[in-house]
Each structure stands twice: as structure tokens, then as C-alpha cells.
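Trainee: Give the three-dimensional model of this entry:
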Amino acid sequence: MNKNLFLLTLSQIFSFTAAPVTVFLSGIIGSQISSIQSLSTLPMSISVVGIAVGAIVATKTMSLIGRKYGFISASIGNTLFSILAAYSIFDQNFTLFCLANFFIGIGMAFTHQYRFAAAESVEKDKAPKAISIILFGGIISAFLGPSLANYSKDLVSENLYVGSYLALALLTFIPSFLFLFYEGKSKVEKNLQYSGRSYIELISQPRFIQAIAASAFGYAIMTFLMTATPISMHIMENMSLSKTSIVIQFHVASMFLPSLMTGYLIKKFGHSNIIYAGVLFYSITLIASIFEQSFFNYMFALIFLGLGWNFLFISGTSLLVLTYKEEEKYRAQGLNDSVVYSVHAIGSLSAGIFIALTNWKIMNIICIPFMILIILATIRAEILDKKKP
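Mentor: This next block holds a predicted model:
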């Protein structure tokens, strides 16, 4: 644990609160201020679109001004747009709320770059553990964000949830101070001459495709089901907001709690075996959906959904780090995150529509083909890797 890794982990705790708060509240707020119920998850989906767009913005920005100032700018930006979200709720302006969530998503794209910055702060063989440590910070975010949002929701009388986003603004501002002590590279990265491989050459690597498939489809399945959960529980099954909050908190906790062990497991069993295990956890979620929808059923299913995401995302990210050279990092990382969060956005955008037209069981069944694609990409990479001279 060096200085940069410590600062990144601490910043992750505060920056990443934007994610569980968005998951917890945006669909509920959307259902209250939108006249069209099928659009209730649109703010959540728009934030994911922001992450997909922001993946390009983040890598380009940091290639020009470096990690340090890129992260500081994003922290300040997320604070301002959290305040904008609070105002949009106060004004009952659904369009403005969606816009605020879009820009919060762009800020989150910078937060997702913490994992690559962590991998760069250690030797490559220690990258899985460094990424795991960063993601472990998310478990504190999982409880800190929704809990503070819940306690502060009545802060502004007669305007429910305005206080929640004002509290989020405070949390997302803290990393802008922490990164003042972050040690960026001494050389300005925009002056480095790019001499790496093209996008086509990067994509031609079976391991590169495997890494993207694990991260992208793993994320899409998770967000597809997670986005629909508050609507399914609170709106359709009439469960309390408190129970819905607990399920989301334990889900996000299960996304990050295994992180301290995942890096070790990858080193011991290999990336592919951990990817297979991630798909297995998703299968357990699928099986759980067959039974009656109760609080404990949702809890069980969402915990295994989080575990599956953890194994797939950390495996995919740490495997990607092994497929590119130093001079190719921004190109490879930008391509990876653009694909991952674009697929993630599609999963989130479609969640509101599918939960309105179908039900929880069918939504789980829809995820099966994407689980198969992850397995096929992994098998292909393993076979081609063994054929190498």
C-alpha cells in the first residue's frame, strides 16, 4: 500500500457514493416526477450513458493533463452536478434531473479510472490485488452513500430527496482535496510519442476480447437486474423503501467485499477460472428468481449478483492490463471502458422497459445468452493461447 494507492482507495470511498445513491434513488425519484412510468429508470440509464461517453472524455483528459488534475476536475464537477440534481428535484424538473445524472455519470467515468491508476502504481503481477483494494473501498461507499442519502432526504422540508443530493455533493467534493497530495508522473504525458499498436491489433488479441467480454457483459447483466430491483421491490411488490435500501446496500457490499480475496484467487487459479466462477454466481441469481419474490429472495439473489460482478469485473480489468504496453494504455483503457459502459448503458436503458412489460423472472432469463457469450470468449482465448508456439 503506497501513498498513491492509499489516496486512490480513500478517494474511492467518497467518489463512488454517487453510484449506490443513483441506483437507490434515481428510479424512485424518476417515478415521482415523471408522468410516464416506463421512463422512471431513465435517469439511472442516462447516468450510465454518461459513464460510456465519459470513458472517452476521461482518458483523453488525463492523457493531456495527467491523472492528478483529471481526478480533481472530476471531483469538483460531480459536486456541482449533484447540486444541480438537488435543484431539479426541488423544481420537479425530470429533464433537468436526467441531465444532472448524465454529467454525474461522466464524473463517474473518471472514478472508474482509479482502478487503472492503482494498477500503474504497482508492479504488473500485483495489479489484480491493487485493483481489488481500490474496489474494496466501494463497500464503504455502499453503506455510506445510501445511508446518508436516506437520513438527509428530509433536510429540505416539503422537498423529499433534495437533501440527499446536497449530501452527495459534500461527499464527492472530498476527493478534490485528497488528490492535492497525489503524485502524478513527472513527465507531461501529452508529449510522449505514441508508437503502440492500433485498435485492430489490440482487438485481435483473444485475451483482450476475453477481458472486454467479462467486464462488459458482466456489467450489463448486473446493471440490468440491479436497476430494475428498486422498481420491482418498492413499486411492483409494495415493499418498504427501508427494505429496498437494505437489499441494495447488501448487493453493492457483495460487489466489493470479496475484493480483498479476488486478487489472490486470480493469482492462484488464473483469470479464466475466476471468470467461470463469476458466471456460476450469476446462475445462482437466475435460479433464485424462479421462486416467489420476497424480501429474503431478493436479498439472496442480489448478493450473488454482486459476487458474480466482482469476479468478472476484477478478472476482466486485471487481464486487460496484461494485454497492452505502457504507451498504449490510454488507447486500450479508453476502448475497453467505452465498450464496457456502452453495453452497461444498454442494459440499464432497457431495464425500465423490460420491468414494465415483463416481470422479474423473465428479466433473469434474458441474461442467459450474455452469460454464454462470456463463457465462449473465455474458452476461445484458452484454446488459442494453448496453440501459441
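Trainee: going forward, measure contacts between C-alpha atoms and count neighbours the same way
Mentor: Will do.
Trainee: Leaving out the residues flanking it, which one is nearest to Cys243?
Mentor: Actually, residue 243 is Lys rather than Cys. Closest residue to Lys243 apart from its sequence neighbours, by CA to CA, 6 or more residues apart in numbering: Phe295 at 7.2 Å.
Trainee: Contact partners for that neighbour?
Mentor: With contacts defined as CA atoms under 8 Å, 6 or more residues apart in numbering, the neighbours of Phe295 are 239, 243, 247.
Trainee: for the residue nearest to His344 when sequence neighbours are not counted, phi and psi?
Mentor: Distances taken as CA to CA, 6+ apart place Ala220 nearest to His344, at 4.3 Å, with adjacent residues excluded. Main-chain dihedrals, Ala220, degrees, to the nearest 10: phi -60, psi -40.
Trainee: mind checking which helix or strand Ile76 is in?
Mentor: helix 42-90 (DSSP states H and E).
Trainee: no no, Leu349
Mentor: helix 329-357.
Trainee: mean confidence for that helix?
Mentor: Mean pLDDT, helix 329-357: 85.
Trainee: what packs against it?
Mentor: Here helix 329-357 touches helix 42-90, helix 199-203, helix 206-230, going by 3 or more CA pairs under 8 Å, 6 or more residues apart in numbering; DSSP states H and E.
Trainee: and the angle for the next helix or strand after the last one with helix 206-230?
Mentor: Right, the one you point to is helix 206-230. For helix 206-230, the succeeding helix or strand toward the C-terminus, using DSSP H and E, is helix 241-256. Per axes from the mean of the first three to the mean of the last three CA atoms, to 10 degrees, the angle that helix 241-256 makes with helix 206-230 is 170 degrees.
Trainee: how about helix 241-256: buried residues?
Mentor: 241, 243-256 (16 or more other CA atoms under 10 Å).
Trainee: same deal with stretch 360-376?
Mentor: 360-361, 363-364, 367, 370-371, 374-375.
Trainee: first to last residue in that stretch, what's the distance?
Mentor: Stretch 360-376 has an end-to-end distance of 26 Å (CA to CA, to the nearest Å).
Trainee: how much does the helix holding Leu349 deviate in direction from helix 42-90?
Mentor: 80 degrees.
Trainee: Identify, from the contacts of Phe295, the entry nearest to Leu8.
Mentor: Val247 (27.1 Å; CA to CA).
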